[in-house]
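*Asks:* sequence and predicted structure are below.
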Amino acid sequence: MSPRLSPASFPRPKILFNCLTYGVAAGISFFTVSAAHTIPPLARDVNELRAQLPSGKLALVPTMGALHEGHLSLVRRARAIAEAVAVSVYVNPLQFAPHEDFAEYPRDLEGDRKKLAGIADVVFAPPDGLMYPQKQTATIALPPLAGEMCGASRPGFFEGVVTVVCKLFNLVHPDVAVFGKKDWQQAHLVGLAARQLNFPVAMEVCNIAREPDGLALSSRNKYLTPAERNRAPLLHALLQTAAAEIQNGKPPEDIRDNAINQLREAGFAPDYWELRDAETLTPAPPPGVPAVLLAAATLGKTRLLDNAELRMPPQ
Ligand code: AMP
């Protein structure tokens, strides 16, 4: 096994012309064109990636592309906490089951690059040959939590996600990786694997970006018909109300039954509705601790995922 370089030992050449200053011929007015306001270059391999990155603390934002404001909020956070920002765009085949939407998953690399103008230094879009040079037989064993909630209806999903994120960490060597609370269970399992496998990568987990009516932004919202789009914010509304009621001492089981019924009546197929300890994701959070209500439900052919944070009432 070849020794793994630490992020600090990585050569990351300085971009000399980070800021180009042009003077108007008469020398009366000047304006500055920063490389940060240009569309970020595309890197297909690690050498191209390194060549485009400024030196300093490196933040990686792993995505599957079809970027929306939720992804961009993560990239802005990355920009605020690091000197160099790489956004990876890779639709990871390993995390899709054969019947899932891998083929239809929205892809728009050029559109994504435009959206990242001014906030990312480089877009890393590795080809399948780099990510999976061979059939992936080396896997990372995850705790039983990976078979619960999203993992119960999507067996192997979290193994696929954690594997690809670990591969990205090994290729990119970020100092910090930025994830969204939208996929709370995913961020938890990635953080757990990164810690236990001693990746020298700090985790930054950001708030959920929403539409004005509360629907959590998602690349899959594109699948919603107009009628479904009108009903979709119900999931967030129920989670919000339930979180407030649990915090005020109402029994979580009653709230759950009521929420599941309301979702069914509105045409959703509920997948799960779970109250968990926010720190450990174990069920039955004790009094007074931070908790999270997590839910997934399918509307038409779109699987919606959301959550709401709360504090358990004191005993
Ligand atoms: P994806 O492209 O769906 O794999 O998501 C890439 C990253 O963006 C993950 O860390 C997600 O949790 C995060 N993300 C997706 N949607 C949102 C959102 N609405 N708000 C904040 N982060 C999000």
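*Replies:* Structure received. Not measured: the values here are computed from a predicted model.
*Asks:* what's the local residue count around the closest residue to G249 other than its chain neighbours?
*Replies:* Leaving aside its sequence neighbours, G249 sits nearest to P313 (CB to CB, 6 or more residues apart in numbering; 4.6 Å). In this view, the C-beta of every residue, glycine as well, is placed from N, C-alpha and C. P313 has 13 neighbours, counted by other CB atoms under 10 Å.
*Asks:* remind me what the helix or strand V162 falls within packs against, helices and strands.
*Replies:* Per DSSP states H and E, V162 falls inside helix 157-172. On a contact count with 3 or more CB pairs under 8 Å, 6 or more residues apart in numbering; DSSP states H and E, helix 157-172 meets helix 46-52, strand 58-63, strand 84-89, strand 122-124, helix 128-131, helix 150-153, helix 184-196.
*Asks:* how far does that helix sit from the chain's center?
*Replies:* 12 Å (CA atoms, centre = their mean, to the nearest Å).
*Asks:* tell me which residues of it come out buried.
*Replies:* 157-169, 171-172 (16 or more other CB atoms under 10 Å).
*Asks:* what does the stretch 151-300 of the chain have sitting close to the ligand?
*Replies:* Residues of the stretch 151-300 of the chain lying close to the ligand (CB under 6 Å from any ligand atom) are 179-180, 182-183, 206, 208-209, 216-219.
*Asks:* tell me which of those residues fall in strands.
*Replies:* Among those, DSSP state E puts 179-180, 206 in strands.
*Asks:* out of the residues you listed, which is nearest to the ligand?
*Replies:* Distance to the ligand across those (CB to the nearest ligand atom) is lowest for G180, with 2.3 Å.
*Asks:* could you report the pLDDT at the closest one?
*Replies:* For G180, the pLDDT comes out at 98.
*Asks:* got the contact list for it?
*Replies:* 70-71, 73-74, 187, 205-209 (CB atoms under 8 Å, 6 or more residues apart in numbering).
*Asks:* quick check: closest non-adjacent residue to R231.
*Replies:* A266 (5.3 Å).
*Asks:* gap between the one you found and A259?
*Replies:* In this view, A266 and A259 are 11 Å apart by CB to CB, to the nearest Å.
*Asks:* also T298?
*Replies:* Using CB to CB, T298 is found at 15 Å from A259.
*Asks:* who's more crowded, these two?
*Replies:* The neighbour comparison of T298 against A259 (other CB under 10 Å) goes to A259, with 23 against 15.
*Asks:* A helix includes the more buried one, no?
*Replies:* Yes. Under DSSP: H, G, I helix; E, B strand; the rest coil, A259 sits within a helix.
*Asks:* give me every residue that touches it.
*Replies:* A259 makes contact with 238-239, 242, 273, 295, according to CB under 8 Å, 6+ apart.
*Asks:* again, but for I81
*Replies:* Contacts of I81 (CB under 8 Å, 6+ apart): 57, 59, 176, 204.
*Asks:* the nearest residue in space to G300 that is not next to it in sequence is in what secondary structure piece?
*Replies:* With sequence-adjacent residues excluded and distances taken as CB to CB, 6+ apart, G300 is closest to E228, at 4.8 Å. For E228, the host element (DSSP H and E) is helix 226-231.
*Asks:* now that helix: how far from the chain's centre is it?
*Replies:* 24 Å.
*Asks:* just the buried positions in it, please.
*Replies:* Within helix 226-231, the residues that count as buried by 16+ other CB under 10 Å are 228-229, 231.
*Asks:* between those residues, which is nearest the ligand?
*Replies:* Nearest member of the buried residues of helix 226-231 to the ligand, counting by CB to the nearest ligand atom, is R229, at 15.1 Å.
*Asks:* return the residues in contact with the closest one.
*Replies:* Contacts of R229 by CB under 8 Å, 6+ apart are 215, 221.
*Asks:* now do the one 3 residues further on
*Replies:* The contact partners of A232, taken as CB under 8 Å, 6+ apart, are 215, 221, 224, 299, 302, 304.
*Asks:* which one (most neighbours) among these?
*Replies:* Going by other CB under 10 Å, L304 tops the contacts of A232 with 25 neighbours.
*Asks:* against V178, how distant is the residue in the stretch 1-150 of the chain that the ligand sits nearest to?
*Replies:* When you check the stretch 1-150 of the chain against the ligand by CB to the nearest ligand atom, the closest residue turns out to be G70, at 2.5 Å. G70 sits 12 Å away from V178 when distances are taken as CB to CB.
*Asks:* who has more neighbours, these two?
*Replies:* More crowded of G70 and V178, by other CB under 10 Å: V178, with 28 against 20.
*Asks:* does that one touch C206 like I think?
*Replies:* Yes. The criterion here is CB atoms under 8 Å, and V178 meets it with C206 at 6.4 Å.
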